[in-house]
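Asks: Okay, predicted coordinates and the sequence, questions at the end:
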Amino acid sequence: PALDSDRALQTTLEEIRCRTAVLLGLATSIEKAYETVQHIPKIVLVAPPAAYTASSGKLVEAGQIDLVARAISMRNTHRTFPGTVSMCTAVAAQVEGTVVHEVTQQRDAQNIRIGHPAGVMEVGATVSHRAGEWYADRVTTTRTARRIMEGSILVPQQYLDGKAWFEDKG
């Protein structure tokens, strides 16, 4: 909420996002980027590990994470941290010279613990530097999900006995 209520900051971040969209060729102008590509590129704010209270009310200690990150999506702070964004953040943490690398206090050479609004997520990344270029060789992540449905499916016995629906000529 603090990030979303800072209108000056949000305006600056949106301008950065729109200018970047133009530089990446996603839009022909800042105005077009604002109108037509509102969801990409993503803006991520990163900082060294610091204790904070997650949206659940649970305290996240600085020692539980390798960096704090907040993603801006559609002009608002994301309630968690998008999976694709987490993978990019993990790769950036491995690349020397990036802001993410500079603020990360990574304890594991390949895995990074990202402190986000809803808690902590661990993402792995392996990069290599070959012929003057950085390569993301591997990225791994896990997702947790809450159960959103429980139900039953009624299947005719003949199908369970091995006779498929398309074999039913009757």
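Replies: Good, I have the coordinates.
Asks: per-residue pLDDT, residue 148?
Replies: Note on residue 148: pLDDT of 61.
Asks: Just say helix, strand or coil for residue 124.
Replies: Under DSSP: H, G, I helix; E, B strand; the rest coil, residue 124 falls in the strand class.
Asks: Just give the number of residues close to it.
Replies: 17 (other Cβ atoms under 10 Å). Heads up, the C-betas are built off the backbone N, CA and C, glycines and all.
Asks: List the residues that contact residue 8.
Replies: Under the criterion of Cβ atoms under 8 Å, 6 or more residues apart in numbering, residue 8 has no neighbours.
Asks: Next, work out how far apart it and residue 135 are.
Replies: From residue 8 across to residue 135, the span is 38 Å (Cβ to Cβ, to the nearest Å).
Asks: what's the closest non-adjacent residue to residue 67?
Replies: Spatial nearest neighbour of residue 67, chain neighbours left out: residue 104 (4.6 Å); criterion: Cβ to Cβ, 6 or more residues apart in numbering.
Asks: Would you confirm that that neighbour contacts residue 96?
Replies: No: the pair residue 104 / residue 96 is not scored as a contact, 11.2 Å apart, by Cβ atoms under 8 Å.
Asks: Counting neighbours, go ahead and name the busier of these two.
Replies: residue 104 (25 against 9).
Asks: if I pick the more buried one, what's in contact with it?
Replies: Going by Cβ under 8 Å, 6+ apart, the list of residues near residue 104 reads 46, 48, 66-67, 93, 112.
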